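Undergrad: Pasting a predicted model and its sequence here:
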Amino acid sequence: MKLSCGQLWAVLFAFRAFSLMCSGTGYSVKCFFGVLVSAAVQLAFVLPVTFLLSRKKYISEKCGLIAAFYFIFTGITVFGKFSCFSTAGSPLTLTVLMTVAVLWCCRYEVSSCGRTAVVISGMFIIMTAFLILSVSKHINIRNISSASAEDSSLFVYVAENLWENIFFPVIPAAALLAGRCRTRGIAAYFLSSVLISAVIIFAGASVLGTESFAADTPFFSLCSFFAPSGLQRMDAMFLAVFVLCAAVCITVCACISSRLLNLPPFVSVLMIATGGLAYGGKYSGPAMAAMLVVFLIAGVLFVRRNLNKPEKNI
């Protein structure tokens, strides 16, 4: 259950690519500054904690428990956004299909997710490059000025970006799965995250202008301008990457949380799936009841398995 430096970057980048695609934040200059400030805040937390944890072979039971449930919370957030965003079927049907896919992926653990994330992250970067090249003929610098009229405060953009990157507090825990080059993987992630955000924000602001603030998903609105050689469905190609990113992110959260809790992966997957339904707002009553039952069962299993284990090796 180990990750290389490149795989650690790819797993973290998959989370960022997912948040970029489903983000509802409009594109503007102040939005980019919000990304920069948010990245600085995240780095100020992630690097010191990663350094401290890397000096220890074991993670304490209390810290492991907190990290495990935050991984579950992150998985619930990803699952909820996926079920809300997708329109191909009912949220319940999508949840069942994604749950089956994640359960199957959990058989191969995080190392397999790392290899898959490298391919998915590479696909996203290449497709984004083609997208930017295609929409370049629609770039109008005056649109950036008009978009600035719709700006919120910098604090709002920072808060929105931190919420979109809700997984960042558990980056140090995920980094423990990598070798000594974990710091390089984290640094590469933050650098690539800021760069890809800057490119998309500039293209979105200069092409969409104020339309990005009216769109539910500005990224996919930008994709509508992609039309080389008569191809009109770039959004469908990104939607496929969106689904793959969601599956990888949820699997990573389920695998690591189950390892920290010393529970079977399907327990974490069920907690994430039922929580995702409740987060999505559909079937929230039954989902909350199911999640309560699963959490109670998980709590009993956790106590029985860890009563005499004060330390947990991640």
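TA: Yep, it's here. All of these numbers come straight from a predicted model, not from anything done at the bench.
Undergrad: got any ranges where this structure has weak pLDDT?
TA: 1, 55-62, 85-91, 150, 226-234, 280-314 (pLDDT under 70).
Undergrad: let's see it at 50
TA: 229-230, 311-313 (pLDDT under 50).
Undergrad: Spell out the residue ranges of the helices in it.
TA: 5-22, 29-54, 61-85, 91-106, 109-135, 141-148, 154-164, 171-175, 182-208, 211-214, 218-223, 234-261, 265-280, 284-306 (DSSP state H).
Undergrad: Report all helices and strands that the shortest one contacts.
TA: Pointing back at helix 211-214 there. Packed against helix 211-214 by the contact rule (3 or more Cβ pairs under 8 Å, 6 or more residues apart in numbering; DSSP states H and E) you find helix 218-223. All C-beta spots, glycine's among them, are computed from the backbone N, C-alpha and C.
Undergrad: ok now the helix it packs on, how far from the chain's centre?
TA: Here helix 218-223 is found 18 Å from its chain centre; the criterion is Cα atoms, centre = their mean, to the nearest Å.
Undergrad: list the helices and strands that helix packs on?
TA: Checked by 3+ Cβ pairs under 8 Å, 6+ apart, helix 218-223 has helix 5-22, helix 109-135, helix 182-208, helix 211-214, helix 234-261 packed alongside it.
Undergrad: Throw those into a markdown table and include mean neighbour count and distance to residue 162, thanks.
TA: Listed next are the helices and strands packed on helix 218-223 as a markdown table, based on neighbours: other Cβ atoms under 10 Å; distance: least, Cβ to Cβ, whole Å:
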| stretch | mean neighbour count | distance to residue 162 |
| --- | --- | --- |
| helix 5-22 | 25 | 11 |
| helix 109-135 | 18 | 21 |
| helix 182-208 | 20 | 13 |
| helix 211-214 | 18 | 20 |
| helix 234-261 | 24 | 17 |
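Undergrad: Which among these is found nearest to residue 102?
TA: Among these, the nearest to residue 102 by Cβ to Cβ is helix 234-261 (5.0 Å).
Undergrad: other SSEs contacting that closest one?
TA: Using 3+ Cβ pairs under 8 Å, 6+ apart, helix 234-261 sits against helix 5-22, helix 61-85, helix 91-106, helix 109-135, helix 171-175, helix 218-223, helix 265-280, helix 284-306.
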